[in-house]
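> Please find the sequence and the predicted model below.
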Amino acid sequence: MASDKRKPSRYTEIERKFAVDEDAVSPSFDGLSAVSRAESAPVAQLDAVYFDTPGHDLAARKITLRRRTGGTDAGWHLKLPAGPDARTEVRLPLTGAREGVPDELRDIVLAIVRDRPLAPVARIETERTVVLLRGPDGSELAEFCDDRVTGTSGEAVSNWREWELELAPGVGDNELLDRLANRLFDAGARPAGHGSKLAKVLEAGRDVDADPVMPQPVDAVHRAIATHVDELITWDRAVRADAYDSVHQMRVTIRKIRSLLQGAGPLGEHEWVLEELKLLAGMLGTARDAEVLAQRYERALSGLAPELVRGPVRERLVAGSQHRYQSGLRRSVTAMRSQRYFRLLDELDVIVAAESGPAEESAPVTVEGAYRRVRKAARRARAAEANGSDDTEHLLHRIRKSAKRLRYTAAALGKSRVADRAKQIQTLLGDHQDSFVSRAHLLAQADAAHAAGEDTFTYGLLHQREAETAEYARLQLGEALDALARAVRKGR
């Protein structure tokens, strides 16, 4: 693979495609109040080579990766779904060294392609006529493209004509897009039957008999597992881009998968996946815990009067936690480029595919079964507290883990009230756990500050507030457990 130090540029592309007959007359945009004039651009000759794995893993997820020459945006383009009519486009320029797929783009979709080769799967040549639509102030509103296309995949060659409407960058007006689309419909256009030119080309070159429809998972829990595995791939991409809250969301998704797998019965030869998921969540947890502390201390310090913030507290607590977050993120991403990680993803694919077949004789996953774990953990915690045991913190964490598994099971089975009540317990004990971790960190930082001759008053103040947070969570727990029990009894 070729490499380049330039950072990829990102755009949000909002467009619609339309099928049209070869002899169709281009639409008119006259009379639209939003459009002051239409400017024709010179005809462009575009030549794009599309890359994918041998199993077309990118295309299966509606992702396209191409190397295009011609036109005003020649270069490498990676397009990712971003909602209805929208895609995120990541671009890199062409250079003499860029014959193979750039590392920077491959890394974005690494959780999908893993260690499989990326090679050309299709070539699409387009003769493009562009009409630029401008608003009353002269600003660019949208582009209308009239494309005459030749697509080649293997020995299959397709020719067709299609129209595209694309809003200009920063113009997120779906109502405008609807009005413009109506002009195309008036000229005889129809909604395209494909999401991209590549999809149409691959469909034309596909052996239908060799592409059976994959069966769906047989029950609600396994359908939820399949959904969360898809979400894991999406959050993987966000973590690599260091998107906001992505580490947290990827970790939560891993825990959902693990909890549902644990509750689904014996995994047999797949049992090792549970430990791998635990290790991966733990690795992400290093970055996540630091992220939580940075946000927690920033809020706490901002809420204090200036005279109560003494010494370089913000540097030690906020900046120090932010540094640990970046260090933890780098280690996580390094692990997410490893063969070990790829094999975990491969095995999750195998598990999802296996659960799509005939159901085996096994005990069904139930809310009641998952709730029994919560009730048992709560009884042990109450007994330990009554006896003054030092194990209370550990047992409260057991309640949280059991409530989390119950929440994910209930959500998969459509028991929303139970899931909400379990989430309340998870949140309370999550706050309690965060407070426990924070207090330990505050003591360590106070010792370091004292050794450096700094004022430690603020550390003590924050420690006391954290203790109050933990106590509040413990006081609310009994009522939350009672509410959960009522929801389970009502079965909803």
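Yep, it's here.
> only C-alpha atoms for contact and neighbour calcs from this point on.
Will do.
> Would you agree A480 is in contact with K423?
No: if you go by Cα atoms under 8 Å, A480 and K423 don't touch, sitting 9.8 Å apart.
> And the two? Which one has more around it.
Counted by other Cα atoms under 10 Å, A480 and K423 do not tie: K423 has more neighbours, with 22 against 17.
> For E127, pull up the helix or strand it's in.
strand 119-134 (DSSP states H and E).
> partners of that strand in the sheet?
Note on strand 119-134: by DSSP bridges, its sheet partners are strand 37-40 (antiparallel), strand 44-52 (antiparallel), strand 140-153 (antiparallel).
> State the mean pLDDT of that strand.
Here strand 119-134 scores 96 as its mean pLDDT.
> swap in stretch 228-247?
On average, the pLDDT along stretch 228-247 is 95.
> who touches it?
Outside of stretch 228-247, the residues within contact range by Cα atoms under 8 Å, 6 or more residues apart in numbering are 107-109, 111-112, 249-250, 253-254, 256-257, 284, 287-288, 333, 348.
> Can I get that stretch in PDB, CA atoms only?
Taking C-alpha atoms only, stretch 228-247 is exported to PDB below (Å, rounded to 0.1, in the frame of the first residue of the first chain):
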ATOM      1  CA  HIS A 228     -24.800  -4.700  17.600                       C
ATOM      2  CA  VAL A 229     -22.000  -6.400  15.600                       C
ATOM      3  CA  ASP A 230     -22.900  -4.000  12.700                       C
ATOM      4  CA  GLU A 231     -22.800  -1.100  15.200                       C
ATOM      5  CA  LEU A 232     -19.400  -2.200  16.400                       C
ATOM      6  CA  ILE A 233     -18.000  -1.800  12.900                       C
ATOM      7  CA  THR A 234     -19.500   1.700  12.700                       C
ATOM      8  CA  TRP A 235     -18.100   2.800  16.100                       C
ATOM      9  CA  ASP A 236     -14.700   1.300  15.200                       C
ATOM     10  CA  ARG A 237     -14.600   3.800  12.300                       C
ATOM     11  CA  ALA A 238     -15.500   6.600  14.700                       C
ATOM     12  CA  VAL A 239     -12.800   5.700  17.200                       C
ATOM     13  CA  ARG A 240     -10.200   5.700  14.500                       C
ATOM     14  CA  ALA A 241     -11.300   9.300  13.700                       C
ATOM     15  CA  ASP A 242     -11.400  10.200  17.400                       C
ATOM     16  CA  ALA A 243     -15.000  11.300  17.000                       C
ATOM     17  CA  TYR A 244     -16.700  12.700  20.100                       C
ATOM     18  CA  ASP A 245     -17.900  10.000  22.600                       C
ATOM     19  CA  SER A 246     -16.900   7.200  20.100                       C
ATOM     20  CA  VAL A 247     -14.700   5.300  22.600                       C
END
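> In that stretch, which residues are buried?
By 16 or more other Cα atoms under 10 Å, the buried positions in stretch 228-247 come out as 228-229, 232-240, 246-247.
> same deal with stretch 94-112?
94, 98, 101-102, 104-112.
> any residues touching the strand holding E127, and which ones?
35-54, 140-154, 197-198, 201-202.
> Pull out the buried members of the residues you listed.
Judged by 16+ other Cα under 10 Å, buried ones among the contacts of strand 119-134: 35-38, 46-53, 140-153, 197-198, 201-202.
> can you tell me the helix or strand for the residue nearest to the spatial centre of the chain?
Within the chain, one residue has its C-alpha closest to the average C-alpha position: by Cα atoms, centre = their mean, that is W235, at 2.8 Å. In this assignment (DSSP H and E), W235 forms part of helix 220-240.
> if you go through the stretch 1-150 of the chain in chain order, where are the helices?
Secondary structure of the stretch 1-150 of the chain, counting by DSSP state H, counting those that start in this stretch: helices at 57-60, 103-108, 110-113.
> what helices or strands is the last one leaning on?
Pointing back at helix 110-113 there. Counting contacts by 3 or more Cα pairs under 8 Å, 6 or more residues apart in numbering; DSSP states H and E, helix 110-113 packs against helix 57-60, helix 220-240.
> Could I get those helices in a markdown table, plus columns for distance to G83?
A markdown table is the format used below for those (distance: least, Cα to Cα, whole Å):
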| stretch | distance to G83 |
| --- | --- |
| helix 57-60 | 16 |
| helix 220-240 | 13 |
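> Minimum distance to S9: which of these has it?
Among the helices and strands packed on helix 110-113, helix 220-240 comes nearest to S9, with 14.9 Å by Cα to Cα.
> Could you point out the helix or strand that follows that closest one?
The helix or strand immediately downstream of helix 220-240 is helix 246-263, counting by DSSP H and E.
> If I take the next helix or strand after that next one and helix 246-263, what angle do their directions form?
Next helix or strand after helix 246-263 toward the C-terminus (DSSP H and E): helix 272-302. Relative orientation of helix 272-302 and helix 246-263, computed by axes from the mean of the first three to the mean of the last three Cα atoms, to 10 degrees: 140 degrees.
> Let me see the contact set for the residue nearest to G154 when sequence neighbours are not counted.
Among residues not flanking G154 along the chain, G205 sits closest, at 6.8 Å (Cα to Cα, 6 or more residues apart in numbering). G205 sits next to S153, G154, E155, A156, V157 when contact means Cα under 8 Å, 6+ apart.
> give me that answer again for 7 Å
By Cα atoms under 7 Å, 6 or more residues apart in numbering, G205 lies in contact with S153, G154, A156.
> Now it. Its backbone dihedrals?
Backbone torsions for G205, taken as degrees, to the nearest 10, come to phi -100, psi 10.
> Could you export stretch 467-484 as PDB, CA atoms only?
C-alpha atoms of stretch 467-484 as PDB (Å, rounded to 0.1, in the frame of the first residue of the first chain):
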ATOM      1  CA  ALA A 467     -18.100  11.000  48.500                       C
ATOM      2  CA  GLU A 468     -21.500  12.800  48.600                       C
ATOM      3  CA  THR A 469     -22.200  11.600  45.000                       C
ATOM      4  CA  ALA A 470     -21.500   8.000  45.900                       C
ATOM      5  CA  GLU A 471     -23.700   8.200  49.000                       C
ATOM      6  CA  TYR A 472     -26.600   9.700  47.100                       C
ATOM      7  CA  ALA A 473     -26.400   6.800  44.500                       C
ATOM      8  CA  ARG A 474     -26.400   4.200  47.300                       C
ATOM      9  CA  LEU A 475     -29.500   5.900  48.900                       C
ATOM     10  CA  GLN A 476     -31.400   5.700  45.600                       C
ATOM     11  CA  LEU A 477     -30.500   2.100  44.900                       C
ATOM     12  CA  GLY A 478     -33.100   0.500  47.100                       C
ATOM     13  CA  GLU A 479     -36.000   2.400  45.500                       C
ATOM     14  CA  ALA A 480     -34.500   1.600  42.000                       C
ATOM     15  CA  LEU A 481     -34.300  -2.100  42.700                       C
ATOM     16  CA  ASP A 482     -38.000  -2.100  43.900                       C
ATOM     17  CA  ALA A 483     -39.100  -0.300  40.700                       C
ATOM     18  CA  LEU A 484     -37.200  -2.900  38.700                       C
END
